[in-house]
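Visitor: pasted the sequence and its predicted model underneath.
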Amino acid sequence: MIGLVDGNNFYVSCERIFDPSLEGKPVAVLSNNDGCVISRSQECKELGIAMGAAGFQLKPRLAQIGLILKSSNYELYGDISRRVIAVLGEFSPEVEQYSIDEAFIHLNLPAGTEYFEYGTRIRQAVLKWIGIPCGVGFAPSKTLAKIANHIGKKLPSGVFVMPEEPRPVLEELPVGEVWGVGRRLAPKLASLGIRTAWQLAAADEGSLRSRVNVTLAKTALELRGEPLFVQENPEELSKSISCSRSFGYPVVELSELSEAVAHYTAQAAEKLRREKQSAAGANVYFQYYPEYTPVARPGGWSGTTVTFEVPTFDTAAMLRAIRPKLRGIFLPGRRYKKAGIMFFGLESAAIRQPDLFSKEDREKSDQLSMAVDEINRRFGRGSVFHLAEGVKKTWKMKREMLSPSYTTNWEQLPVVK
């Protein structure tokens, strides 16, 4: 049996763990640069505030409707997500994280054990140990587990087990709410006479494959209880690692772009070392805004590929290779909104070939990088960093309503009085 555990209004729930005054109040978390709503409390939903609502349009109404806005605190949310996954590991030998707030658990409970009761225990443990309310759904396949979870989150118990005969449930579910279908495919399926999840489950597999795509044919089989979307191997290493962010304001100086790229390189390299991998090179890019005056010019991207002298996970070596290339992709006079980096050619650091002609002491460089990681783990991210990343980092994305990093920064730990 496959279970799906999904945190309710996850970002808002993370905020409420450390600020109980938010309980029972309409709370919304905003996206990068406080742009638009990406998570809402139930009270916020009841006010009619939609996902994607612009933050600047909501601000004048805050006092009027009692709405509380929060900037997205990804450091906090990521750490709470990790803790939830650790709790799920106490209940299942196989936990497959699907997103920051969702995870599939693979179970084969002993005879006589009720899945509903087991799901209730999981839900209570996550709530008590971490403070996150969640929904739990069980079914023979991932697609059905998604549906079961969707139903469970609306029940007082928070748990739903898909019956052996799912037809009555699927007949009530619009096809657009099936995982992997959505609004884009729903109109096309309606033209084929498929309007409910059950009609999709009963559709001919070959016809779906030829008239739509192979994935939808697999979805139909999953709705019949045949698990086809295989579990990803949690031990499998990343094939690429990237880091990118939007800026807090339009950036026009190369020096600020260089700082941002250095900062993102350092963050991605830390993950590279955590997986004990090295990279052969990196793709670096800038994204710039469209212009309307005095001459209309479209927005776009500029980028370059940098190959490292030898595969490495040393941030300093990466920066030495990347920084000289940035001037070549900088377009003077453009206003930049985003920058990013993606490492490629990843391989195990254990099999790196020594370079007899290299002047660098790679062993010392590696030890220095790992020492920096350890310091930042113990005393908080950013305690030690490369000067190339900048000191003030004024270009960082705007987060005017940011809550403290309660669990990842020593300086921001909550104080009990």
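Guide: In hand now; what should we look at?
Visitor: list the strands paired with the lowest-mean-pLDDT helix or strand in the chain, with their directions.
Guide: Least confident helix or strand, the chain: strand 347-348 with a mean of 76, by mean pLDDT, DSSP states H and E. Taking DSSP bridges as the criterion, strand 347-348 forms sheet pairs with strand 277-288 (antiparallel).
Visitor: show me what counts as buried in whichever helix or strand comes after the strand it pairs with.
Guide: Next in sequence after strand 277-288, counting helices and strands by DSSP states H and E, comes strand 300-312. Neighbour-count burial for strand 300-312 flags 302, 306, 308, 310-312 (criterion: 16 or more other CB atoms under 10 Å). C-beta coordinates here come from the backbone N, C-alpha and C atoms, glycine included.
Visitor: for strand 300-312, packing partners?
Guide: strand 277-288, helix 315-326 (3 or more CB pairs under 8 Å, 6 or more residues apart in numbering; DSSP states H and E).
Visitor: of those, which approaches residue 339 most closely?
Guide: Taking CB to CB, strand 277-288 is the member of the helices and strands packed on strand 300-312 nearest to residue 339, at 5.2 Å.
Visitor: mind checking how far the closest one is from the chain centre?
Guide: In terms of CA atoms, centre = their mean, to the nearest Å, the centre of strand 277-288 is found 19 Å from the chain centre.
Visitor: quick check: buried residues in that strand?
Guide: Applying 16+ other CB under 10 Å to strand 277-288 flags 277-279, 281-282, 284-288 as buried.
Visitor: residue ranges with poor pLDDT in the chain?
Guide: By pLDDT under 70, the low-scoring segments of the chain are 230-239, 350-362, 397.
Visitor: please, where are all the strands along it?
Guide: Using DSSP state E, the strands of the chain run over 2-7, 27-30, 37-40, 68-71, 94-99, 102-106, 134-139, 159-161, 241-251, 277-288, 300-312, 336-344, 347-348.
Visitor: which of the buried residues of strand 277-288 sits closest to residue 192?
Guide: Distances from residue 192 to the buried residues of strand 277-288, taken by CB to CB, are shortest for residue 287, at 38.3 Å.
Visitor: for the closest one, name its beta-bridge partners.
Guide: Residues in beta-bridge contact with residue 287 (DSSP bridges): residue 301, residue 338.
Visitor: let's have the chain start at 283 instead
Guide: Yes, from this point I'll number from 283; that puts the last item at residue 569.
Visitor: and it, what does it touch?
Guide: 581-583, 618-622 (CB atoms under 8 Å, 6 or more residues apart in numbering).
Visitor: of those residues, buried ones?
Guide: Those of the contacts of residue 569 that meet the buried threshold are 618-622, by 16+ other CB under 10 Å.
Visitor: may I see the buried residues of strand 559-570 arranged in a markdown table, with distance to residue 338 as well?
Guide: Listed next are the buried residues of strand 559-570 as a markdown table, based on distance: CB to CB, whole Å:
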| residue | distance to residue 338 |
| --- | --- |
| 559 | 41 |
| 560 | 43 |
| 561 | 39 |
| 563 | 40 |
| 564 | 35 |
| 566 | 31 |
| 567 | 27 |
| 568 | 25 |
| 569 | 21 |
| 570 | 22 |
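Visitor: related to what we said a few turns ago, closest to residue 391 among the buried residues of strand 582-594?
Guide: Taking CB to CB as the measure, residue 391 lies nearest residue 593 of the buried residues of strand 582-594, at 44.8 Å.
Visitor: ok, that closest one to residue 547 distance?
Guide: 15 Å (CB to CB, to the nearest Å).
Visitor: likewise residue 462?
Guide: From residue 462 to residue 547 the distance is 34 Å (CB to CB).
Visitor: closest one to residue 342 among the helices and strands packed on strand 582-594?
Guide: Ranking the helices and strands packed on strand 582-594 by distance to residue 342, with CB to CB as the measure, places strand 559-570 first at 29.8 Å.
Visitor: can I get that closest one in PDB, CA atoms only?
Guide: What follows is strand 559-570, C-alpha atoms only, in PDB (Å, rounded to 0.1, in the frame of the first residue of the first chain):
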ATOM      1  CA  GLN A 559      30.200  14.800  -5.900                       C
ATOM      2  CA  SER A 560      32.300  17.000  -8.100                       C
ATOM      3  CA  ALA A 561      31.300  18.900 -11.200                       C
ATOM      4  CA  ALA A 562      33.000  19.200 -14.600                       C
ATOM      5  CA  GLY A 563      31.600  22.600 -15.300                       C
ATOM      6  CA  ALA A 564      28.700  25.000 -15.000                       C
ATOM      7  CA  ASN A 565      26.100  26.900 -17.000                       C
ATOM      8  CA  VAL A 566      25.800  30.500 -15.800                       C
ATOM      9  CA  TYR A 567      23.000  32.800 -16.900                       C
ATOM     10  CA  PHE A 568      21.400  36.300 -16.400                       C
ATOM     11  CA  GLN A 569      17.800  37.200 -17.100                       C
ATOM     12  CA  TYR A 570      16.900  40.800 -18.000                       C
END
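Visitor: and it with strand 523-533, angle?
Guide: Put simply, strand 559-570 runs at 30 degrees to strand 523-533, going by axes from the mean of the first three to the mean of the last three CA atoms, to 10 degrees.
Visitor: about what we covered before: just put the buried residues of strand 582-594 in CSV and tack on distance to residue 306.
Guide: Shown next, in CSV, are the buried residues of strand 582-594 (distance: CB to CB, whole Å):
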residue, distance to residue 306
584, 48
588, 51
590, 53
592, 57
593, 53
594, 51
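Visitor: not counting sequence-adjacent ones, nearest residue to the most centrally placed residue in the chain?
Guide: Centroid-nearest residue in the chain: residue 382, 5.1 Å away (criterion: CA atoms, centre = their mean). Using CB to CB, 6 or more residues apart in numbering and skipping the chain neighbours, the partner closest in space to residue 382 is residue 363 (4.7 Å).
Visitor: surely the one you found is in contact with residue 384?
Guide: No. In this structure residue 363 lies outside contact range of residue 384 using CB atoms under 8 Å: 9.5 Å.
Visitor: so which of those two has more stuff around it?
Guide: A count of neighbours by other CB atoms under 10 Å puts residue 363 above the other of residue 363 and residue 384, at 22 against 19.
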